[in-house]
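Colleague: Here is my input, please return the structure:
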Amino acid sequence: MKNIAFIINPISGNKETQREKRKLPKLIMQTLDPEQWLPNITFTEYAGHATELAHQYARMGFDAVVAVGGDGTVNEVARGLRETETALGILPMGSGNGFARHLCIPMRTQKAIEMLNRSEPIRVDYGLANGKMFVCTCGTGFDAVVADNFAAGNKRGFMSYIQNTIAKAFTYQPQTYHLMGDGLDVTHKAFLITFANANQWGNDAKIAPKASIQDGQMDIMLMSSHAILGSASLALRLFTGTIDGSFFMDTIRAREITVEREEAAPFHIDGDPVEMDKDIHIKIVPDGLRVLAEKRF
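Modeller: Numbering: from 1, shown residues only. Have a look, this model is predicted:
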C-alpha cells in the first residue's frame, strides 16, 4: 500500500468544475485502486495552503500528492514537493491545465483518477524565475498583461480568456528586451516572450511545441512586435502545434538566461500574475521534480 494525498483547490476552474469538486471525495474512493493506494483528501483554505500541505505530506513520507485544480494549484503543490522523493500527481480541474495536457493526463476526472492507478513516478525539470518556481511556462509581454487582467476579473474559463485577449490585442505596446546567458546576447523587440519548460500555456495552446520537460533546458519563444499583422495565422498555428514555424516567431534554447526589460511590467508564472523586478534571471533545474505519468516524454 502506498500513501497518496489529494489537495483540492475548491475555487479553481468555472462554476461547473467547482460543483464537481464537492462530489470528488466519493469519486476518488470509488475509482482509486484500494489495493494500491491509501488516500488522504484535503481542501485548501487560502492562497499558499497547497504548498504548506504538500510540504507536510512530503515530510511524512507520502508516496504521492495529487494537485486537484489548474496550473496555479499544480504550481503550489509542486513547490512543496520539489527536491523530494514524493511524486506530484494531477487531476486537471482548472481553466487551462497546461502541465496536465503536456503529460497527456485525461481531462475527464474519472479517467484521470484511473490513470493514477497505472502511473509511475518519473523525474522532470522545473524552472525558476528570480527564485519563483514554474513547471509549465512563465513570461512577459502581452500574455502577461492578459493574465494580469484575467486574474483581476470576475469571470473564469476559456471564453473569458479569449475575450480578454481580443480586448487588449490592438492597444498593447511591445517592449525591447535584452537576453543574455548560455553564450547568447540578443536584443529583440517583442510582442511577448515565453520561457517554456512544457509545451503550452493551457487549453492545448502550444506556444512551444517542441519543449521537453526532460531535456534540461527551456524553449524561449519570442513573438515579433509585428505579430498583430499575422494574428489569424498565429492563432491557427498555436492550436495546431506549428507556431514555431511562423515568420513571426523565433525560438532560442537555453539552460539559464537573464532578460533585461525597458521597465517593470506584468510577468506571469504558470498563468498567474506575479510581482517581478525589471530584470529577471531564469533557469531550468534538471530532474528536480517527480511526477506521476503513464509514459515517458
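Colleague: and for stretch 5-25, what are the contacting residues?
Modeller: Defining contact as CB atoms under 8 Å, 6 or more residues apart in numbering, one finds that stretch 5-25 is touched by 28, 39-44, 50, 53-54, 57, 62, 64-70, 72-73, 76-77, 91, 93-95, 109, 156-157. Backbone N, C-alpha and C define where each C-beta goes, glycine included.
Colleague: Helices - which of those residues land there?
Modeller: Of the contacts of stretch 5-25, the ones assigned to helices by DSSP state H are 28, 50, 53-54, 57, 72-73, 76-77, 109.
Colleague: Out of those residues, which is nearest to residue 128?
Modeller: When the ones in helices among the contacts of stretch 5-25 are ranked by distance to residue 128 (CB to CB), residue 76 comes first, at 15.3 Å.
Colleague: wait, isn't that closest one in contact with residue 50?
Modeller: Yes: using CB atoms under 8 Å, residue 76 is in contact with residue 50, at 3.7 Å.
Colleague: what about these two, which has more around it?
Modeller: More crowded of residue 76 and residue 50, by other CB atoms under 10 Å: residue 50, with 29 against 25.
Colleague: do you know how far the more buried one is from residue 8?
Modeller: 9 Å (CB to CB, to the nearest Å).
Colleague: list the residues that contact both of the two?
Modeller: Listed contacts common to residue 50 and residue 8 are 44, 69; contacts here mean CB under 8 Å, 6+ apart.
Colleague: Can you give me the domain boundaries for the chain?
Modeller: Per automatic domain parsing, the structural domains of the chain span 2-118, 132-283.
Colleague: tell me the mean pLDDT over the shortest one?
Modeller: Domain 2-118 shows an average pLDDT of 94 in the prediction.
Colleague: next one: that domain to chain centre, how far?
Modeller: 14 Å (CA atoms, centre = their mean, to the nearest Å).
Colleague: again, but for stretch 223-234
Modeller: From the chain centre to the centre of stretch 223-234 is a distance of 23 Å (CA atoms, centre = their mean).
Colleague: Give me the contact list for it.
Modeller: Contact partners of stretch 223-234, identified using CB under 8 Å, 6+ apart, comprise 141-142, 169-170, 174, 189-194, 243, 246-250.
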